[in-house]
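1. Need a 3D model of the sequence below.
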Amino acid sequence: MSELYELFSQHPRISTDTRRIEPDSIFFALRGDTFDGNRFVAEALEKGAAYAVSDDPQVAASDERQRIVLVDDTLKALQDLARCHRRALGIPILAISGSNGKTTTKELVSRVLAERFEVYATRGNLNNHIGVPLTLLAMTRDTEFGVVEMGASACGELALLASVAEPNYGILTNIGRAHLEGFGGPEGIRRGKGELLDYLAANGGRAFVPREDQTLTNMAAERDGLAAEYYSVTLADGIAHHLEGDYNRFNIAAAVAVGRYFDIDGERIRHAVGSYMPDNNRSQRTETERNTLIVDCYNANPSSMRASVLNFLAEPAGGRSRRVLILGDMLELGAWSEQEHRDIVALAARNPDAELMLVGGEFARACAGMEPQPANTALFPSREELIAELRRRPVENAFVLVKGSRGIGLEKALEEL
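-> This next block holds a predicted model:
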């Protein structure tokens, strides 16, 4: 690893995709279920990579062998390099995980911390076993504080990510019903998400914990040696922001709590939160020529879907004559899927004036087993059929919620609204 880190010190850019080769970078030939990066090592070097890291001895024996580093496992080498770099930087790292709100909380927290520190935070959705190492390796000697989002869909994944990033601080946004299939049920989610707290407790770290969340306060109390900074969601009161949904109070409060802990002036905290404009289809309110949209279709699970539906049904329609919920399937729920989808339909149908447009096979199966059948409900097997219907019968003068799992791609229907 010392040899590889020396190369990284001279060429501190990482590439993993030959379609986007960084000049003078180190290309890591990662493997996946349907691809093998080793096949593209020569192309990466031709396109400007200074070196390549491969776990294929035949590739490493090619004519370009002077520029190829042979390792046992390319992914592990990437993770080990990231850990080595994190230790060399020696900066505080705050890790953020949870079932819902990770990205919004990361954006708010990083903006608050940036009022005092030079901050590098996770870009986009680089929050998995590849993304977390890439995030760490993008930090430079100028970085004073790192904010790392960590996603997980099964037990053991957060433990791995924490062992790479070695965070000093952590936030669990909540424990919800996300990735039920991968975690093996609600208790598996609690155990899997708790791996971040396990790491902090074992390594002298500190967790930021909302007092109003009984599950999280219990999880913190269960871990001997865990330093916890308890805060109240009321920290969000009076803070101007551009986020849609009362549930975002928890995300705002977390950012305020972090800011206070690191002695950031209250006015600067308010400025940082107020200047954040949500994007990428998260908690966005959009006015079109025809409708008012609440767009939250970056992702969905039963917990976030329930919160979004409840918030939408309680919110005034702002003069619009119709209230429409366009909901896409929630994925990765396994044996829990039919009941979870049925519960969401029943929740949305409580409002007799609400019109439901449900997209995907999971919602269709859930509705088929419901008695009586929900009123004002239209089913669409796919996003394409939803779009075709919106073109045939445009939705107009409506207050519309658009929410679904990322795999359903409801954002592609927005231009029809």
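2. Need the nearest residue in space to Ser337, chain neighbours excluded.
-> Excluding the flanking residues, the one nearest Ser337 by Cβ to Cβ, 6 or more residues apart in numbering is Glu362, at 5.3 Å. Heads up, the C-betas are built off the backbone N, CA and C, glycines and all.
3. Would you list the phi and psi of the nearest residue to Ala88 once chain neighbours are set aside?
-> Spatial nearest neighbour of Ala88, chain neighbours left out: Tyr5 (7.5 Å); criterion: Cβ to Cβ, 6+ apart. Backbone torsions of Tyr5, given as degrees, to the nearest 10, read phi -70, psi -30.
4. Provide a list of residues in contact with the residue nearest to Ser337.
-> Asp329, Met330, Leu331, Leu333, Ser337, Glu338, His341 (Cβ atoms under 8 Å, 6 or more residues apart in numbering).
5. Of the residues you listed, which count as buried by neighbour count?
-> Buried residues within the contacts of Glu362, counting neighbours by 16 or more other Cβ atoms under 10 Å: Asp329, Met330, Leu331, Leu333, Ser337, His341.
6. Can you point out the helix or strand that includes the last one?
-> Just to be clear, that refers to His341. helix 337-348 (DSSP states H and E).
7. And Glu332, by the same measure?
-> Counting by DSSP H and E, Glu332 is found in no helix or strand.
8. And the contacts of Glu362, which is closest to Ala388?
-> Nearest to Ala388, judged by Cβ to Cβ, of the contacts of Glu362 is Asp329 at 17.9 Å.
9. quick one: the closest one and Val359, what's the gap?
-> From Asp329 across to Val359, the span is 7 Å (Cβ to Cβ, to the nearest Å).
10. can you pull the pLDDT of Ala228?
-> Looking at Ala228, its pLDDT reads 96.
11. and it, which of the three is it?
-> Following DSSP: H, G, I helix; E, B strand; the rest coil, Ala228 is assigned to strand.
12. count of neighbours near it?
-> Burial measure for Ala228: 18 neighbouring residues, criterion other Cβ atoms under 10 Å.
13. Look up the closest residue to Glu3, ignoring the ones flanking it.
-> Nearest residue to Glu3, sequence neighbours excluded (Cβ to Cβ, 6+ apart): Val69, at 7.3 Å.
14. tell me the phi and psi of the one you found?
-> For Val69, the backbone dihedrals (degrees, to the nearest 10) come out as phi -100, psi 120.
15. my read: it touches Leu4, true?
-> Yes: taking Cβ atoms under 8 Å as the definition, Val69 is a contact partner of Leu4 at 5.9 Å.
16. residues shared between the contacts of those two?
-> In contact with both Val69 and Leu4: Val53, Ala77, using Cβ under 8 Å, 6+ apart.
17. so where's the stretch 51-200 of the chain shaky on pLDDT?
-> 177-183, 185 (pLDDT under 70).
18. which residues of it fall in helices?
-> 57-60, 74-89, 102-113, 131-137, 157-165, 180-183, 186-202 (DSSP state H, counting those that start in this stretch).
19. I'd like to know how far the nearest residue to Asp73 once chain neighbours are set aside sits from Arg83.
-> Leaving aside its chain neighbours, Asp73 sits nearest to Asp55 (5.5 Å; criterion: Cβ to Cβ, 6+ apart). Between Asp55 and Arg83 the distance, using Cβ to Cβ, works out to 18 Å.
20. In contact with Val395, which residues are there?
-> Neighbours of Val395 in contact, by Cβ under 8 Å, 6+ apart: Arg290, Asn291, Arg322, Val324, Glu416, Leu417.
21. Recalculate using a threshold of 10 Å.
-> Val395 makes contacts with Arg290, Asn291, Leu293, Arg322, Val324, Ile326, Glu355, Met357, Glu389, Glu416, Leu417, as judged by Cβ atoms under 10 Å, 6 or more residues apart in numbering.
22. likewise Arg87?
-> Tyr5, Glu166.
23. quick one on the thing from earlier: most surrounded residue in the contacts of Val395?
-> Ile326 (27 neighbours).
24. that older thread, name the helix or strand for the residue nearest to Ser337, please.
-> helix 361-368.
25. Please apply the same query to Arg323.
-> Short version: Arg323 belongs to strand 322-328, going by DSSP H and E.
26. That strand to helix 361-368, inter-axis angle?
-> Here the directions of strand 322-328 and helix 361-368 differ by 120 degrees (axes from the mean of the first three to the mean of the last three Cα atoms, to 10 degrees).
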